[in-house]
Structures are given as structure tokens and as C-alpha cells.
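Student: Model the structure of this input:
(one chain, ligands or ions: 1)
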Amino acid sequence: MERVYFSDKPETSNKKKVVLGALALVAIVGVVATVALYSSNSTNYALRQYEIDEQEFFGFIAKYNKVYDSIDEFNARFKIFRDNIAFARVHNTLGKTYWLGITQFSDLTHDEFKSRYTPNAYVPNEDGPVADYNPDMAAPSSVDWRTKGAVTAVKNQGQCGSCWSFSTTGAVEGTWFLAGHTLVSLSEQELMDCSTSYGNKGCDGGLMTSAFKFVVQKGLTTESNYPYKAENGECNTTLEKNVAAKISSYAIVAAKNSNALMAAVATKPVSVAVEADQAAWQSYVGGIVSSNCGTALDHGVLIVGYDNTNSPPYWIVKNSWGPSWGEQGYIRIAISKGDGVCGINMNPSYPIA
Ligand SMILES: *[C@@H]1O[C@H](CO)[C@@H](O)[C@H](O)[C@H]1NC(C)=O
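Tutor: Numbering: from 1, shown residues only. Take a look at the predicted model:
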């Protein structure tokens, strides 16, 4: 799982002053530079692209509350932003089934995104009961657990490699709801602080199956009772006792079997691991990802449905990068055989009520 990744950290007021000053200066420099370029008669395509990107960069800074500590950093980030947007624009001309564009990660190089986000490889956990799969079972042609009230609002893990805890809470929330209870948002921070003896490491990564083992033993309290802090902490055993949802066990879906995965998703939301360190995720703004994301698993997410009638057919995947990323916080991944796109068929698991 990812260890660290880019943040939507709130800015400090001191930093804000610095950045406002820097922005004002850069804006002046930008105007002078643009005038100079135009007066040198360089009204070529690249220049116009540059001009558009600058407007977009200021929009990006405002939208994501970006803070840069110096003009040097501002300029460096602007250059990376332009490179990412240029890459996205070329991608979008290639007739793919998904689109790239501006996200909260657009000022990070690919290497930064990858290293802040996945410094260590995810080791799939094969330890656990394997789910029954009846190959004769006909799964419905489409499912969307969001429309059945089984899925809470998209959350944001912030600058913390806790994706595994969000995948876990999402799966337990769905299982608990589908067992006849009220949908309740559950605590990632409890999993981060209290499941370390199960092998999880808070912001430094973890596994959904290890977290399910914890929930079998301890249950889970609510998000509001034990709120998310995006940092490692001590287990609060008082809060932990206030159990809001329980599971009896969990199951691992047969690996690399999209039919078994579909049969599982037909019954409830399912936790999956994917490779998410490529542009297909860093710059994803919509559509169905069908290629170019790899299978070196590094991120935990939640399948909440699928549509097998669409061309291409796709999984509906809930991410934990906030509702402004992707399709209101979701990404669609093409359904395919074998490892699956982004390795999505490789390590699925789900809780049992
Ligand atoms: C646990 O949380 C409660 C409620 O926020 C707080 O009053 C208490 O001090 C916490 N205990 C520990 C050990 O942090």
C-alpha cells in the first residue's frame, strides 16, 4: 500500500502570506514575460498553450489551496504542471476510453507522485478463507451499490498512506448495511491506531485482510466517534469499546478471476488492490481506464458496482482521494480477464456479516 502521498494539507497563515506575496510577484513577472514574448512576435502554438496553462495553474492553485514557499518552488511546480497538462492533452487526442487532466496531483512529477505514494511494494495477503464461487451462478448484468444506499460519501486520506483503512471501512460499511442495519460511516483512525498488532502500520501502509481480522475481533466504531486525523496515533481503547458495526469473518476472492470477482460484487462492495502510481490515476478526470496503469499493486480501494453491458464493461471503484478527484471521487476500470486492468483482479476480499 502507499506509505505517503500528496496532501490537501490546510495552509498556515504565515505560509499564506508568503505565497500571496510570491503569487503577486510571479503574476507581475508573468505579465512582463508574456508581453515580452508577444512583442518578440512569437505568437506560435506553444506560446498560446503556455498562456492558457498559466491561467489554469492559477485556477489549480485556488481550487486545491496550494501553497508554495518560494518563487523558485512556484516556478518549478508551474513547469511540472505544464508537463502534466501537456501529457494529458496528448493522451486525450489518442481515442482512449478515459481522460486525463487537472487533479490535486498535477504539480507533482510522476516520480514524486510514485515515491510519496508507493515507496514500498504491496505484498498481497493470501492468508484467509477463500470465497465460494459457483461458476454457474449468473451475476446480474449491472450492479451499483451506491443506488441501494450501501455506500458512504467519498472520504479523503490526505497525506497519509492509509488507503487500506478506507478500503476496509467501505467494505464493512456495505456489509453491515446489507445485513439489515443503518448505513454508518466507520472509523479509519481506529483501524490505523488499534490494528498494529495485526500487521498494519497506520500511515505507513496495511492490508485490508489484516484489518478485517481486527474487525472480526473488535468490531468498529463510527467515524464521528473516532475521527480521522491523517497521522499515526495511539489506540484509544475507550473509543474502541463503542462498537457500531461487526463482522463474523471475511473471504478472499479467487485471484485473477473476473467472473468470481463479479459474482462477489453482485453480493456486496468488495475491497481490491490496484496499481495507482501512474498517470492513469494521478491525472484521471473521467472515463473507463482500460490500459497503461500496470499491475504492481500499491493502493487499496473498493469496488461498489459494475456494468457488464457497457462497451467496454467496467467496475465502479470508490477511491479515498476526496470527492473532487476523478468522477466525484470514483474511477471506472475496464473489466478484463487475468490480472485485470491495474491488477484489480489480483487480490480482492470482502467481509462477511
Ligand atoms: C480517548 O478519547 C476521549 C474522547 O475524545 C478522550 O477524552 C480521551 O482522553 C482519549 N484517551 C486517550 C488515552 O487518548
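
Student: Which residues of this protein lie near the ligand?
Tutor: Taking Cβ under 6 Å from any ligand atom as the test, the list of the chain residues beside the ligand reads 236, 238, 239. Any C-beta I mention is one placed from the backbone N, CA and C, and that applies to glycine too.

Student: Looking at those residues, which is nearest the ligand?
Tutor: Using Cβ to the nearest ligand atom, residue 236 comes nearest to the ligand of the residues of the chain next to the ligand, at 3.7 Å.

Student: Could you report the neighbour count for that closest one?
Tutor: 16 (other Cβ atoms under 10 Å).

Student: Wait, it touches residue 229, no?
Tutor: No: at 11.0 Å, residue 236 does not count as touching residue 229 under the criterion of Cβ atoms under 8 Å.

Student: residue ranges for the helices of the chain, please.
Tutor: For the chain, helices defined by DSSP state H occupy the ranges 13-39, 45-63, 71-91, 110-117, 163-178, 188-194, 208-218, 237-240, 258-265, 279-282.

Student: Can you spell out the domain ranges of this structure, please?
Tutor: According to automatic domain parsing, the chain comprises the domains 12-100, 110-352.

Student: And the average pLDDT for the last one is what?
Tutor: To tie it back to what came earlier, the one meant is domain 110-352. Confidence over domain 110-352 (mean pLDDT, whole number) is 93.

Student: end to end, how far does that domain reach?
Tutor: Domain 110-352 has its terminal residues 38 Å apart, counting by Cα to Cα, to the nearest Å.

Student: residues contacting the residue of the stretch 251-353 of the chain found nearest the ligand?
Tutor: Sorted by distance to the ligand under Cβ to the nearest ligand atom, the residues of the stretch 251-353 of the chain start with residue 320, at 23.2 Å. Residues in contact with residue 320, defined by Cβ atoms under 8 Å, 6 or more residues apart in numbering, are 154, 155, 156, 157, 162, 163, 166, 167, 301.

Student: Tell me how many other residues crowd residue 62.
Tutor: As a burial measure, residue 62 scores 10 neighbours (other Cβ under 10 Å).

Student: and what of the one 3 residues further on?
Tutor: If you count neighbours by other Cβ under 10 Å, residue 65 ends up with 13.

Student: How about residue 140?
Tutor: A total of 11 residues lie near residue 140 under the criterion other Cβ under 10 Å.

Student: so it touches residue 266, yeah?
Tutor: Yes: the criterion here is Cβ under 8 Å, and residue 140 meets it with residue 266 at 5.8 Å.

Student: tell me the most buried of the domains of the chain?
Tutor: Of the domains of the chain, the one with the most neighbours on average (mean count of other Cβ atoms under 10 Å) is domain 110-352, at a mean of 20.

Student: Distance from that one to the middle of the chain?
Tutor: Between the mean C-alpha point of domain 110-352 and the mean C-alpha point of its chain there is a distance of 10 Å (Cα atoms, centre = their mean, to the nearest Å).

Student: just so I have it, where are all the strands in the stretch 201-350 of the chain?
Tutor: All strands of the stretch 201-350 of the chain, identified by DSSP state E, counting those that start in this stretch, fall at 249-252, 270-274, 284-289, 299-307, 314-318, 330-334, 349-352.

Student: Return the list of helices and strands in contact with the third one.
Tutor: Based on contacts counted as 3 or more Cβ pairs under 8 Å, 6 or more residues apart in numbering; DSSP states H and E, the elements that strand 284-289 packs against are strand 98-100, strand 330-334.

Student: The fifth one now?
Tutor: Here strand 314-318 is seen to pack against strand 299-307, strand 330-334 when contacts are counted using 3+ Cβ pairs under 8 Å, 6+ apart.
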